[in-house]
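Chemist: need a 3D model of the following:
(2 chains)
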2 protein chains.
Amino acid sequence: MSDFLSPDQLESIDAYWRASNYLAVGQIYLKDNPLLRMPLQVGHVKPRLLGHWGTTPGLNLIYVHLNHLIKTHDLDMILVTGPGHGGPAILAQSYLEGSLTQYYPAIEQNENGMLRLFRQFSWPYGLSSHVSAQIPGSIHEGGELGYSLAHAYGAAFDNPGLIVTCVIGDGEAETGTLAASWHSNKFLNPARDGAVLPILHLNGFKIANPTVLSRISEDELSALMYGYGYDPFFVEGDDPLVIHQQLAKTLDEMLFKIRDIQRKARTDSSGRTVERQLWPLLILRTPKGWTGPKFVDGQQVEGSWRAHQVPLSHLEQPRHLTQLQQWLESYRPQELFDTNGALRPDIAALAPTGHRRLGANPHANGGSLLKPLEMPRFNEYAVQLSAPGAVEAEGTRVLGGYLRDVMKHNLKAANFRLFGPDETASNRLDAVYEVTGKTWLAALEAGDTNLDSAGRVMEILSEQVCEGWLEGYLLTGRHGLFSCYEAFIHIVDSMFNQHAKWLKTAAQVPWRTPIASLNYLLTSHVWRQDHNGFSHQDPGFIDLVANKSANVVRIYLPPDANCLLSVTDHCLKSRNHINVIVAGKQPQWQWLDIDSAIRHCMAGIGRWAFACKDDEDPDVVMACAGDVPTLETLAAITLLRQYVPDLRVRVINVVDLLVLQPPQQHDHGLSDAEFDELFTVDKPVIFAFHGYPSLIHRLVYKRHNHDNFHVHGFMEQGATTTPFDMVVINQLDRYRLALDVIQRVPRLSSLVDSARDRYWETLERHQLYVIEHGQDLPEVLEWRWTPTSP
Amino acid sequence: MSDFLSPDQLESIDAYWRASNYLAVGQIYLKDNPLLRMPLQVGHVKPRLLGHWGTTPGLNLIYVHLNHLIKTHDLDMILVTGPGHGGPAILAQSYLEGSLTQYYPAIEQNENGMLRLFRQFSWPYGLSSHVSAQIPGSIHEGGELGYSLAHAYGAAFDNPGLIVTCVIGDGEAETGTLAASWHSNKFLNPARDGAVLPILHLNGFKIANPTVLSRISEDELSALMYGYGYDPFFVEGDDPLVIHQQLAKTLDEMLFKIRDIQRKARTDSSGRTVERQLWPLLILRTPKGWTGPKFVDGQQVEGSWRAHQVPLSHLEQPRHLTQLQQWLESYRPQELFDTNGALRPDIAALAPTGHRRLGANPHANGGSLLKPLEMPRFNEYAVQLSAPGAVEAEGTRVLGGYLRDVMKHNLKAANFRLFGPDETASNRLDAVYEVTGKTWLAALEAGDTNLDSAGRVMEILSEQVCEGWLEGYLLTGRHGLFSCYEAFIHIVDSMFNQHAKWLKTAAQVPWRTPIASLNYLLTSHVWRQDHNGFSHQDPGFIDLVANKSANVVRIYLPPDANCLLSVTDHCLKSRNHINVIVAGKQPQWQWLDIDSAIRHCMAGIGRWAFACKDDEDPDVVMACAGDVPTLETLAAITLLRQYVPDLRVRVINVVDLLVLQPPQQHDHGLSDAEFDELFTVDKPVIFAFHGYPSLIHRLVYKRHNHDNFHVHGFMEQGATTTPFDMVVINQLDRYRLALDVIQRVPRLSSLVDSARDRYWETLERHQLYVIEHGQDLPEVLEWRWTPTSP
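Modeler: Numbers count the residues shown, from 1 in each chain, chains lettered A, B, ... in the order given. Model (predicted):
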């Protein structure tokens, strides 16, 4: 090929690349003598060698060429670094372009700062060794692999001017989420969204193995990428000067193709007939640990898995120390840095400036671009009820009306989307389709409903891709909500973990601005998946959530539709949190009018006076959290009213679960005085809970009255059965709750035997009825709350 | 094409298919009048209509054709049904071929039995609506989507005579695990392993959306499958008689190709140069809800997402009832069943018999084929130590030697494999490479190490694929162990959940025989991922595990290498469990000689007399679970010895975590008397724990002394730092433990202030030292246990 880069450009790109590689090696090895002003001594070397060299030179190569591309075309671009453990590369680049010094002024662009850069790397209380929230320009850590491409697409949605370059390591490409994410191109609209520029970086090896994609034929690899809907470009080799020419030319061609796709889509005046195009994708094959030691102690390192982490250790051996010195010198640092240790200005000029730098693009510090949502008044969607239990409603359907209007109010701002694994309608949020469709760029057929290339509801049958998209969308300063079947949200447990870690870390980084919270709506929950059976019954996600940093997580269990409205409105306005809302979709009795619901949700917990009786000095506290447990608790109270009319009972409903934790552990935690006021210090508490009982026990174990907590919840008893049978087989039913009350209140001891007979008779009748009729006992189905007689 | 099937064959296949579709519709709708002996009345229809019709006719089609293929070629085949919610199909088939009646004799092959079949479907205390452990022939539920193909490959490994047909729904194909699983063909050896015959079933729709793979061009789809390493065959259409011909012919061709690949690989005498081949794959495109109602109330149903579940409801409307009757009659049941309601013998003859039936193949009831492993005596791998704390060892490296010999002893039986996401060597189990390599059928290059097409270590960088392979391998009667970084095991949380549910259900199915346990070795754990940072630090998997059925789960925290050996040996011999072993890989002090280790692990918990002092009436109990917490506890004791020489301390180490649970909750649980004997009923217990402290609190909340438990563990404080700093920032360090002891023992109250000064001074010095030197304080690194003076 004829030369694409001029000799000057080529020299400048190569020099910049060498400088970044030099700085990466320095970070891994040096604690002194950063510019090799004296011969390297073992005392200049860190006592503990950490870092991942293998991916670093390739990341540096890509970054340098992106700099050139951005500068040449004045691009608005961010970089998602899938091989995020290549932290030395991204730190070196951020340092060279000045964004690191901007955010961390002590790391000056001189010899002193260079030494600080080296010393802080993988050093306690320094910057992390991976591309974390501490690193400028990042929206993605890459410590746990798999999420880069989904994050990249999430960032590109609704950012028409943005190009999101995404480096995918060939290790990461073996993971499930990544493999599924390729198809995200069926959900990206070139007229409305930005572009994703994927770079599959084949360096050939993982920790200790070759990678699958580097060991299939180019024919198969090319077909695979075409099959995923991309137009693959290949660049490969190990001669830097050749690669520089090829890579620069290829990136330029790919950019042209991207702009061509966008131009065609954007000049189509209809705006609704956008067709999917084959997006360009780069397959870059360079040696692992390129430019590092070729052999160490006679074993191949460059181009092998041995280059993965620290390719050269035991520097106390003079031979190794010499090899390190030679390695560092191979980059010719004296040509790169001036006498003060700053990058020479002619080389530095390669990088873009200001917000065009990959380390300083505001999209990668999404909070800085965040605009609050225009919110409708949620009160206006409230279920009207004259008294507790007067009407039935489907909680998520009511919420759907509200979400429709959240969507509507923000259509112009284009900063709100709903995400779900093919469950938005099943979860009864389909009112949103009145104002927007489901994003769909794949083929259309007659009879398709609500599919629209400009839709704002994102549905793919992968919880992981949904989660990754939403995270990328939020991290670049937008808003969203993810609705999911409760049981299957466990598929993203680890992604949730990593996002929670990101948020905790980001909150400690002064220059990171708050982003919108990640909101989960978990519905089709354990108590109403009776028909789908045991595989669909699991309320354990909130256990995982409760383990995470208290500053980050919130768990809400609204008992009815009005509380669901209030809680969701709050969550959509919140920042830097992960909010988990668990609420059913089936018709159920409604308890609180909207004003009461607002008050109740603001407090997070409260006595439900309408169901209490003489509760200043109660015999028992009946607590409940979750819609079905609330129903069973109130039904138990009606049973008890008949059986023990003089029972003094206090009813407490918990919406904001983590109020139960001590205030030292969670900022929503009730003070001990408040807790004792509600739960007493000595009365039995019969607690009906949505999830596993142990979660309540672990939240309250420091509370005074915790020995008196008797929790009913999911006991891992699941089946294909009826809704009421689900609570029966888990002993959360009204009869068990009533019986437990009678057993725990000492003055009722004489009633225990007869109550047991009475309730067990009903439960046996229930079981026979269910087996016979396949439906719940009429007396259960027909139950309704009746106000306490005055 | 010329006719492949003879007219008789065609008629018989179509009749069998119609019969199965009839029975599927019957299951969804009827509770009476199974043979339509009288006109259908609303009273014959179930009150609650449940089930998934959409995928059912396609599954029936596949099953019938597999029957024909098996019978024609006398094949040993099992079927993995990815769209497992198509339970009505698999139940219908199992009924028709007789395997259902074999396992459930009440469901006779006559009118009475047919009615039972219908009534029990999706009925309380009947069989589940999905293809669960209750269903003959299944190793896979398919309630949660994504795992079918990995399960199929797991089943095929080391089963050279077996063909595992795997139906993958086009919905499931969007999930991450499935997308990653296609590459399993790089790990399947045609000489040694069986074949997987994937059928990608494009019925075009999910719950409420079209599917991605049904809406890309055939060109892209074909390229995608070729890129994945398959040779795709296409069958599509909606005319049954045409499809029958095409499908029968295509399956026959695919079988020929499979046998050709196998023959070539197996006649290669070297046995070690097997090359990967393109395996045949079927893409079957048929309408969703095929043969069901075309329109209902004017809306398209057949061939649309509306056919997903119950296509026709509100049967109280006479028009709908008529439509149901016509639908059922369209299968011409009078031609299919004799007067007794049994399938006519000429049609029934299509199905294979005995163990060749898909519902009765012993591979799908893997326990029936299970052979115990030949086990080396694990004592022989023991670390020799003259006294507690006398030597250091790397736990997992010691275990590696033992696993090498487990592998060696069972090479001939070919029923044991190790699984890991590119971490076997990193986790220091690489001794196994002395006897077997890593399975690898992709291209080889010079310098490759330990890769072998006949290797028995399975490494792909997807925890999900590893888990799926192992589950499939276990469910078909073999043994294995999965080693993984502790933090990233959360990636398979949901797969773990589903396997735990499977095991719980299977244990209640009388004809299911026990299978080998699923063994996790979680290493590179939270306390030794200091260098990789927060993303790699998460001990929460065991919280998830503790939620599952007590009959299924076990959690082991061996404190040293000898205990690790003992525990692993036990786990490899156990059945029907999920065993989680958490153990570090770094050098650490060893505490128990092998005999003591065996005794300790058998009890699961015990006093460590060597570290106790005058502990008949202790001032304090110091408990520990996990290797690092054990180290810190013993180090705290040496501090306390200096500071409070007369302190009476009892040391308890917990290996088998769930002994802490009450015996009513877990069968390993200590009785209250045993618990009180160990932990006292009134003394402070300072508990150093590997994971989140709340797990201990929830396990012991019913114990008498639980108010005195003070647990130190992971407090979600993570960073890139040093090993000791990890315990410091989480307050699990020796100084905090010692101080906590002094604070909790009333008679030491006068020492609290000076102890605090003393220990805090050290901790401050530690922090400064770590920042300065990047390493832990020498006094920490050099600490070692010294026996108590006599």
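Chemist: CA only for contacts and neighbour counts going forward, please
Modeler: Will do.
Chemist: give me the contact list for the helix or strand harbouring residue A:522.
Modeler: Element membership of residue A:522 [criterion: DSSP states H and E] is strand A:518-523. Counting contacts by Cα atoms under 8 Å, 6 or more residues apart in numbering or on different chains, the residues outside strand A:518-523 that touch it are A:396, A:427, A:470-471, A:474, A:480-486, A:489, A:571-572, A:576-585.
Chemist: let's see 7 Å
Modeler: A:427, A:480-486, A:571, A:577-585 (Cα atoms under 7 Å, 6 or more residues apart in numbering or on different chains).
Chemist: quick one: which of those residues sit in helices?
Modeler: Cross-referencing the contacts of strand A:518-523 against helices under DSSP state H gives residue A:571.
Chemist: where does pLDDT dip in chain A?
Modeler: A:1-2, A:268-273, A:788-790 (pLDDT under 70).
Chemist: show me how it divides into domains.
Modeler: Domain assignment of chain A by the TED database yields the ranges A:53-86+A:94-105+A:124-323, A:384-589, A:607-782.
Chemist: distance check, residue A:120 against chain B.
Modeler: Counting by Cα to the nearest Cα, to the nearest Å, the gap from residue A:120 to chain B is 9 Å.
Chemist: now do residue A:243
Modeler: For residue A:243 relative to chain B (Cα to the nearest Cα), the value is 22 Å.
Chemist: and what of residue A:122?
Modeler: Counting by Cα to the nearest Cα - residue A:122 and chain B are separated by 6 Å.
Chemist: how about the contacts made by that residue?
Modeler: So residue A:122 contacts A:50-51, A:128-129, B:531, B:720 (Cα under 7 Å, 6+ apart).
Chemist: which element is it on?
Modeler: Going by DSSP H and E, residue A:122 is not part of any helix or strand.
Chemist: tabulate the domains of chain A (CSV), appending mean neighbour count.
Modeler: Converted to CSV, the domains of chain A look like this (neighbours: other Cα atoms under 10 Å in any protein chain shown):
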stretch, mean neighbour count
domain A:53-86+A:94-105+A:124-323, 22
domain A:384-589, 22
domain A:607-782, 20
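Chemist: export those domains to a markdown table and tack on distance to residue B:768?
Modeler: Listed next are those as a markdown table, based on distance: least, Cα to Cα, whole Å:
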| stretch | distance to residue B:768 |
| --- | --- |
| domain A:53-86+A:94-105+A:124-323 | 10 |
| domain A:384-589 | 21 |
| domain A:607-782 | 28 |
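Chemist: and these: which comes nearest residue B:236?
Modeler: Residue B:236 lies closest, by Cα to Cα, to one member of those: domain A:384-589, at 16.9 Å.
Chemist: quick one: the closest one to chain centroid distance?
Modeler: 12 Å (Cα atoms, centre = their mean, to the nearest Å).
Chemist: for the closest residue to chain B within the stretch 451-600 of chain A, which non-adjacent residue is spatially closest?
Modeler: Going by Cα to the nearest Cα, chain B is nearest to residue A:462 of the stretch 451-600 of chain A, at 4.5 Å. Distances taken as Cα to Cα, 6 or more residues apart in numbering or on different chains put residue B:175 closest to residue A:462, at 4.5 Å, once the chain neighbours are dropped.
Chemist: pretty sure the one you found contacts residue A:459?
Modeler: No. With contact defined as Cα atoms under 7 Å, residue B:175 does not reach residue A:459; the gap is 11.9 Å.
Chemist: and the next element down the chain from the longest helix along chain A?
Modeler: Criterion DSSP H: the longest helix present in chain A is helix A:240-267. As assigned by DSSP H and E, the chain's next helix or strand after helix A:240-267 is strand A:279-285.
Chemist: name every strand pairing with that next one and say which way it goes.
Modeler: According to DSSP bridges, strand A:279-285 has the following sheet partners: strand A:195-202 (parallel), strand A:230-236 (parallel).
Chemist: make CSV from these and add distance to residue B:740 to it.
Modeler: What follows is the strands paired with strand A:279-285, written out as CSV (distance: least, Cα to Cα, whole Å):
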stretch, distance to residue B:740
strand A:195-202, 51
strand A:230-236, 60
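Chemist: residue B:515: which of those is closest?
Modeler: Using Cα to Cα, the nearest of the strands paired with strand A:279-285 to residue B:515 is strand A:195-202, at 39.9 Å.
Chemist: got the angle for the closest one vs helix A:240-267?
Modeler: Interaxial angle, strand A:195-202 versus helix A:240-267 (axes from the mean of the first three to the mean of the last three Cα atoms, to 10 degrees): 150 degrees.
Chemist: strand A:195-202: how far from the chain's middle?
Modeler: 21 Å.
Chemist: can you check stretch A:306-323 too?
Modeler: Put simply, stretch A:306-323 sits 38 Å off its chain's centre (Cα atoms, centre = their mean).
Chemist: ends of that stretch, how far apart?
Modeler: Separation of the first and last residues of stretch A:306-323 by Cα to Cα, to the nearest Å is 16 Å.
Chemist: on that earlier part again, of all the strands paired with strand A:279-285, which one comes closest to residue B:379?
Modeler: Of all the strands paired with strand A:279-285, strand A:195-202 sits nearest to residue B:379, with 44.5 Å by Cα to Cα.
Chemist: hmm, who's touching that closest one?
Modeler: By Cα under 7 Å, 6+ apart, strand A:195-202 touches A:152-153, A:156, A:162-170, A:214, A:280-286.
Chemist: how does it look with 8 Å?
Modeler: Applying Cα under 8 Å, 6+ apart, the external contacts of strand A:195-202 come out as A:58, A:149, A:152-153, A:156, A:160, A:162-170, A:213-214, A:258, A:279-286.
Chemist: returning to that earlier point: pull the contacting residues for the residue of the stretch 451-600 of chain A closest to chain B.
Modeler: Residue A:462 touches A:180, A:421, B:174-176, counting by Cα under 8 Å, 6+ apart.
Chemist: having no further points to raise, I will conclude here.
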